[in-house]
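Enquirer: Provided below for reference: sequence and predicted model.
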Amino acid sequence: MTPEGKAELDKIREVRGYTLPVHEYLAELDPEMLRRYGNLASYTLFGDAEGRPMDLKTRFLVLVGVTTAVKGDPEGIEWAAVRAIQNGATWKEVYEAAFMAALPAGVPAFEASCRAFNAMKKGEGMVDLDVPEDDSAR
């Protein structure tokens, strides 16, 4: 990997707290492509809420639903759930966001998210971020 690719990975890790395999491959393929993708995704997900229609909590709840609907990987579902909770969502809101995807995507998509949530609550999830087990901590 080039120094430019590594630098772009470091920037993404600083903003998000992690990188994904897609970032690693783009860093190797084309650091400029990773920079552009990283900037768009970072702004879309984490950009300042001022002047935007949705706050961070809502953006991440939408991401829970979309990731569920597209039958995304468990890590993506966990990551979106954790970020939603860190931005003020309750577990019930996360569950509802995932369940909303069951209507267009089918109940098996929601069941996959439920398995990811169960793993998270047992401390066996793929995403290592601290979230309360239930809503009683709020």
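Expert: That came through fine. Numbering: from 1, shown residues only.

Enquirer: What's the separation between residue 84 and residue 45?
Expert: 11 Å (CB to CB, to the nearest Å). C-betas here are computed from N, CA, C, even on glycine.

Enquirer: out of the two, which sits in the busier spot?
Expert: The neighbour comparison of residue 84 against residue 45 (other CB atoms under 10 Å) goes to residue 84, with 25 against 16.

Enquirer: does the more buried one sit in a helix or strand, and which one?
Expert: Following DSSP states H and E, one finds residue 84 within helix 74-86.

Enquirer: For that helix, name the packing helices and strands.
Expert: Helix 74-86 sits against helix 56-69, helix 91-100, helix 107-121, with contacts defined as 3 or more CB pairs under 8 Å, 6 or more residues apart in numbering; DSSP states H and E.

Enquirer: need these in TSV with mean pLDDT, can you?
Expert: Shown next, in TSV, are the helices and strands packed on helix 74-86 (pLDDT from 0 to 100):
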stretch	mean pLDDT
helix 56-69	93
helix 91-100	94
helix 107-121	88
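
Enquirer: Comparing those helices, which comes out most buried?
Expert: helix 56-69 (a mean of 22; mean count of other CB atoms under 10 Å).

Enquirer: distance between that helix and the chain's centre?
Expert: 8 Å (CA atoms, centre = their mean, to the nearest Å).

Enquirer: Just the CA trace of that helix, in CSV.
Expert: The C-alpha trace of helix 56-69 is given here as CSV (Å, rounded to 0.1, in the frame of the first residue of the first chain):
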residue,chain,number,x,y,z
LEU,A,56,-27.3,12.1,13.7
LYS,A,57,-29.7,9.9,15.7
THR,A,58,-32.2,9.9,12.8
ARG,A,59,-29.5,9.3,10.1
PHE,A,60,-28.2,6.3,12.0
LEU,A,61,-31.8,4.9,12.5
VAL,A,62,-32.4,5.2,8.8
LEU,A,63,-29.1,3.4,8.2
VAL,A,64,-30.2,0.6,10.5
GLY,A,65,-33.3,0.2,8.4
VAL,A,66,-31.5,0.4,5.1
THR,A,67,-28.8,-2.0,6.1
THR,A,68,-31.4,-4.4,7.3
ALA,A,69,-33.4,-4.1,4.0
